[in-house]
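J.: predicted model and sequence below, questions to follow.
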Amino acid sequence: MTAFERNLVPGDDGHSRLRPTPDLTRQLRDAMDSLDLMPAYREARCPLLLVLATEDLPEQQPFHSLYEAYRKATAKRLATVDNPSLRVRHLAGASHAMVAERPQELATLVTDFLSPHH
């Protein structure tokens with residue numbers, strides 16, 4: 001409930017609304033449509049760990065096939081990145097809320113990655 005309340009902001013009309021605003025949401029979606037991180041992943045020269053979600057958030061369930069296709073396409077594109085600095089791990093049973101859903105498994109992945117013997 002507290003997290004929900006943090007997203008309430010007063011509107012110009014005296015009523016509360018959720019943030020971000022519809023305009024900002026549109027801008028963020030437009031930015032995400034044009035964002036391609038693959039060149040950055042190819043060019044990275046420091047160790048880089050990507051931990052990818054394998055499940056949908058509950059609110060994504062109505063669009064499961066779309067999110068599943070996106071995850072598969074992303075994995076396929078990442079497989080073409082030839083960079084020994086890049087490590088890609090898929091966290092089973094985790095959505096983008098993986099920090100809350102799988103904290104121990106995520107901590108293990110990060111700790112192992114940071115280990116000098118990885």
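T.: Yes, it's here.
J.: going by neighbour count, which residues in the longest helix belonging to the chain are buried?
T.: If you go by DSSP state H, the chain has its longest helix at helix 64-79. Within helix 64-79, the residues scored as buried using 16 or more other C-beta atoms under 10 Å are 67, 71, 74, 78. For glycine as for every other residue, the C-beta is placed from the backbone atoms N, C-alpha and C.
J.: mind listing the strands for this protein?
T.: Under the criterion DSSP state E, the chain contains strands at 8-10, 16-18, 48-53, 86-91.
J.: direction included, what does the third one pair up with?
T.: Strands that pair with strand 48-53, judged by DSSP bridges, come out as strand 86-91 (parallel).
J.: ok, and what's touching the strand it pairs with?
T.: 41, 44, 47-54, 75, 78, 98, 102, 105-106, 109, 113, 118 (C-beta atoms under 8 Å, 6 or more residues apart in numbering).
J.: residue contacts, the residue nearest to the spatial centre of the chain?
T.: Geometric centre of the chain, nearest residue: His96, 5.2 Å, by C-alpha atoms, centre = their mean. Going by C-beta under 8 Å, 6+ apart, His96 touches 53, 57.
J.: so how far is Pro84 from it?
T.: 27 Å (C-beta to C-beta, to the nearest Å).
J.: what does Ala44 give?
T.: 10 Å.
J.: the more surrounded of the two?
T.: Neighbour totals were compared for Ala44 and Pro84, and Ala44 leads with 14 against 7 (other C-beta atoms under 10 Å).
J.: dihedrals phi and psi, the residue nearest to the more buried one when sequence neighbours are not counted?
T.: Computed as C-beta to C-beta, 6 or more residues apart in numbering, the closest residue to Ala44 that is not its neighbour in sequence is Ser85, at 5.2 Å. When read as degrees, to the nearest 10, the backbone of Ser85 gives phi -80, psi -20.
J.: residue contacts, Ser85?
T.: For Ser85, the contact set (C-beta under 8 Å, 6+ apart) comprises 44-48.
J.: the strands of the chain: which one's closest to Leu35?
T.: Closest of those to Leu35 is strand 48-53, at 14.6 Å (criterion: C-beta to C-beta).
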